[in-house]
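Asker: Below is the sequence, then the predicted model.
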Amino acid sequence: MRRKTPAILVLVLCGLSLTLPGQMDRRSAAMSYERGVRAEAAGKLDEAAERYSEVLSADPRSSGALRRRGVIYYKLGKFQEAATDLSLAAELTPNDVEVLRYLGESRLALQQYPDAAAVLQRVLEVRPEGSAVYRSLAEAYAGMGNIPKALNAYTECIRLKIDNPESYFERGKLYAKAAKYRDAVEDYDRAIALKPDYADVYFERGHAQGQLGYFEKAVADFTRALELHPEAGWTDRATAYMYRAAARETLGKNDDALQDYAASLKANPQNARALLARADLMVRQGRPKEALEDRNQAVEVDPTSAMAYIARGGSYHSMGEHQKGLADRTKAIDLDPNNALGWYSRGSAYYLLKDYAAALADLETAERLDPSNTEIHDVAAKARRELAADKEAKAAALRASATAAEAPPPPAPAPVAKVPPTLAAVPPAPAEPKLQPAAPAPVAIRPPTPAPAAAPAGSAESHHAAGRALLQASKFREAISELTLALEMNPKLPLAWNARGYAYMRLAEWEKAVADFDRALSLNPNYANAQQNRNAASGHLKK
C-alpha cells in the first residue's frame, strides 16, 4: 500500500520547486534584508544596497527594501534611481513620511520642481510641523519661479525654527531676487547675528547694500567676506572683488577700484564682466586705448556676449572708427535680437552720425522690445524731429528753387551816353552805387561782466540742469530721462539723485523714489531735503 504524502508537505515542496535557478527564496531574502540593515548601520551603503537588491529580486514589492534602497541611493547621489524606488514605495505605503520626504528631495535634486512641491505638500499634510520640509518646499517654489509662495514657505520654516541662520540667508536671497533689498538686509543681519562668521551672508549683504546705495557698507561687507574666505578656490572670490571695485568706483576711489578689478581678473581671467567694468572706468579716466584693449579681451573671452560687442562698438565710435562701431553693434543684434540695448546703441550711433532714418528704424525696434524705457523714447523722438526738420528743409529748398525759376530777369542797365571826342567837357562823375548806410564808427563801450560759463552741451551738468527745468514744467518722465543721463555720466551728484527721486515720487513710483533718495543721502548724509522727501515716499510704501 502506497504511503500518502501529507498535504502540507506537498504545498511546501511545490513552493520550493517554483524557485527559479538564481532566484532567492523568501528565507534567504529575509536574511539578506537583515544583512542590509547591519551594513547600512555600519555606513557600508554600497553593500547595503546590494543586499536590498537581493531582497527585491525575490519580492519586487517589498516596501521596506524599496524604501531603504531608495534612501541609500539618495545619500549616494543617485537621484533618479532613488526617485524610482521611492515612487514604488510611496504607492505601497502612501502615508510613510520618510518615503515621501526623500522622494520630494530626490525630485528637488533632479530639478523636477512641480513634482517635488506636490510630494512635499503631501508630507506636510501627513505631518504639518516640519521646518526642514518647508525649507525644501521653498526651494521647489523658487525653482518654479513662484517667489511669493517660496517666501511664505521660508517664513513658515523660520516660524518653526527661529535659530537657523541658513533659513534667514535663503529667504534674504529671495527678497533680493525680488528687488526687496531692505527686507533682504534685515534677514542677512539676523543670519549674521546667529552665525557671525557666515562669509556667504556678508557677500550677499554687500550686494544688497550696494543696490540700496550704501556703498561704504557694501565695501565693508565684501572686505569681510574676502577675509573669511581667503582661499583662492572660493567660487565667489572674483565676483566679490568685482563688486567691491564697483562700490569703490562709485565712491570716487578709482585707484582702489582698479586694484580690485585687477584682483578679480587674477582670480578669474575669463571674467568678461570685470573686463567691461574696468574698461568703463578707463573711458571715464580718459584712457580710451586701454579701455579698447579690455573690451577686445572681453570679446575674446566671451564671443557670445552681446554686451561685449556693444561696449567695444562704443570704443570704436569714440575713436572715430564708425564702421567698426556699427559692425560690432550689428553683431550684438545678431547675437541677441531681443536685446533692446543693442538696437538702442546702434540707433544712437546712427543718430550721432546724422543718419536719422536708420536711427529711427533701430530705435523703434528698441521701443517695441522695451516699451517702458523713457531714454529710448526720448532719442527716438529726437530722431523723428530731425527727420521732420530735414523734410521741411528740403521742401523749403524746393519752394525757393521754384520761386527763383519763375522770377522775371533783372532789367538790363541803361546805355551810357558816349561823349563826342570833339567836346572838351569834363566827363560827369560816375554815379555812386547804392550801398547800405555805413556803420557808425565804433565807440568804446565798457565790456559787460561776463556771465557764468554754461555747462558744455552733453555734460552731466547740462543734463542735470535740463532735468531740473523739466521738473519745474511738471514734465516728470522727460526729467527722469535727462537726470538719468546726468547720473550715468557722474553718479556722484546728490542733487540729481534727489531730483530724480522727486520725479519718481510725483509719478507715485515709491520704491524707485526711495532708492534714489537713499543714494542722495549716501553721498550727502546731511541733505535735509532728500531726507524729508525720503520720509514722505517711504510713508507711502508702508500703506
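Answerer: Arrived safely.
Asker: Could you tell me the per-residue confidence at V299?
Answerer: Note for V299: predicted pLDDT of 97.
Asker: Now for it: which residues touch it?
Answerer: When contacts are counted by CB atoms under 8 Å, 6 or more residues apart in numbering, V299 touches 305, 308-309, 312. C-betas here are computed from N, CA, C, even on glycine.
Asker: thinking Y214 is in contact with S522, fair?
Answerer: Yes: assessed by CB atoms under 8 Å, Y214 is found in contact with S522 at 5.7 Å.
Asker: Check what pLDDT R2 gets.
Answerer: pLDDT at R2 comes out at 48.
Asker: My error: substitute P408 in the last question.
Answerer: 59.
Asker: ditto for A393
Answerer: Residue-level pLDDT assigned to A393 equals 86.
Asker: low-confidence ranges in the stretch 1-150 of the chain?
Answerer: 1-24 (pLDDT under 70).
Asker: Determine the number of other residues adjacent to A153.
Answerer: 27 (other CB atoms under 10 Å).
Asker: How about the one 10 residues further on?
Answerer: A count of neighbours around D163, defined by other CB under 10 Å, yields 10.
Asker: Would you list the phi and psi of it?
Answerer: Backbone torsions of D163, given as degrees, to the nearest 10, read phi -110, psi 20.
Asker: Does it touch L194 like I think?
Answerer: Yes: the pair D163 / L194 is scored as a contact, 6.1 Å apart, by CB under 8 Å.
Asker: Next one: the residue nearest in space to the middle of the chain from A184, what distance?
Answerer: Ranked by distance to the mean C-alpha position of the chain (CA atoms, centre = their mean), the top residue is K177 at 9.9 Å. Remark: distance between K177 and A184 (CB to CB, to the nearest Å) = 9 Å.
Asker: D378 now?
Answerer: 32 Å.
Asker: of these two, who's got more company?
Answerer: A side-by-side neighbour count of D378 and A184, using other CB under 10 Å, places A184 first with 26 against 18.
Asker: what distance separates the helix or strand hosting that one from the middle of the whole chain?
Answerer: Using DSSP states H and E, A184 maps to helix 181-194. In terms of CA atoms, centre = their mean, to the nearest Å, the centre of helix 181-194 is set 22 Å apart from its chain centre.
Asker: what's that helix packed up against?
Answerer: helix 165-177, helix 199-211 (3 or more CB pairs under 8 Å, 6 or more residues apart in numbering; DSSP states H and E).
Asker: Next, the buried residues of it.
Answerer: Within helix 181-194, the residues that qualify as buried are 181-188, 190-192, 194, counting by 16 or more other CB atoms under 10 Å.
Asker: Now the two most distant members of those.
Answerer: Pairwise distances across the buried residues of helix 181-194 (CB to CB) peak at 20.5 Å, for the pair Y181 and L194.
Asker: gap between the spatially closest residue to V185 that is not a sequence neighbour and R519?
Answerer: For V185, ignoring the flanking residues on the chain, the nearest one in space by CB to CB, 6 or more residues apart in numbering is A208 at 5.1 Å. Distance of A208 to R519, computed by CB to CB: 14 Å.
Asker: How is the protein divided into domains?
Answerer: Per the record, the chain has its domains at 61-161, 217-225+236-286, 480-541, by automatic domain parsing.
Asker: What average pLDDT does the shortest one get?
Answerer: On average, the pLDDT along domain 217-225+236-286 is 95.
Asker: How far does that domain sit from its chain's centre?
Answerer: 17 Å.
Asker: and what of the last one?
Answerer: Taking CA atoms, centre = their mean, one finds the center of domain 480-541 at 21 Å from the center of the full chain.
Asker: try stretch 106-124
Answerer: Distance of stretch 106-124 from its chain centroid, counting by CA atoms, centre = their mean, is 28 Å.
Asker: With stretch 355-364 instead?
Answerer: 27 Å.
Asker: do the same with stretch 376-389
Answerer: 28 Å.
Asker: Looks like the residue nearest to V185 contacts E186 (just checking).
Answerer: No: when contacts are counted by CB under 8 Å, A208 is not listed as touching E186 (9.8 Å).
Asker: Now do the shared contacts for those two.
Answerer: Counting by CB under 8 Å, 6+ apart, the shared contacts of A208 and E186 are G172.
Asker: Residues contacting stretch 149-163, please?
Answerer: 129-132, 134-135, 137-139, 141-142, 164, 167-168, 170-171, 174-175, 178, 194.
Asker: separation between A39 and L56?
Answerer: 15 Å.
Asker: scratch that, G143 is what I was asking about
Answerer: Where L56 is concerned, G143 sits at a distance of 31 Å (CB to CB).
Asker: Who has more neighbours out of those two?
Answerer: L56 (20 against 16).
Asker: what's the distance between the host helix or strand of that one and the middle of its chain?
Answerer: Secondary structure assignment for L56, by DSSP H and E: helix 45-58. Between the centre of helix 45-58 and the centre of its host chain there is 49 Å, according to CA atoms, centre = their mean.
Asker: helices or strands up against that helix?
Answerer: helix 26-41, helix 63-75.
Asker: Tell me which of the ones you listed lies nearest to A240.
Answerer: Comparing these under CB to CB, the one sitting nearest is helix 63-75, at 32.7 Å.
Asker: Measure how the closest one sits relative to helix 26-41, angle-wise.
Answerer: Angle between the axes of helix 63-75 and helix 26-41 is 30 degrees (criterion: axes from the mean of the first three to the mean of the last three CA atoms, to 10 degrees).
Asker: Please produce CSV containing the buried residues of helix 181-194, extended by pLDDT.
Answerer: Shown next, in CSV, are these (pLDDT from 0 to 100):
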residue, pLDDT
Y181, 95
R182, 96
D183, 96
A184, 97
V185, 97
E186, 97
D187, 97
Y188, 98
R190, 98
A191, 98
I192, 98
L194, 97
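Asker: Out of those, the closest to A117 would be?
Answerer: Set against A117, the nearest of the buried residues of helix 181-194 by CB to CB is D187 (22.3 Å).
Asker: what residues are up against the nearest residue to that closest one once chain neighbours are set aside?
Answerer: Among residues not flanking D187 along the chain, G172 sits closest, at 3.4 Å (CB to CB, 6+ apart). The contact partners of G172, taken as CB under 8 Å, 6+ apart, are 183-188, 191, 201, 204-205, 208.
Asker: again, only using 6 Å
Answerer: Taking CB atoms under 6 Å, 6 or more residues apart in numbering, we find G172 in contact with 184, 187-188.
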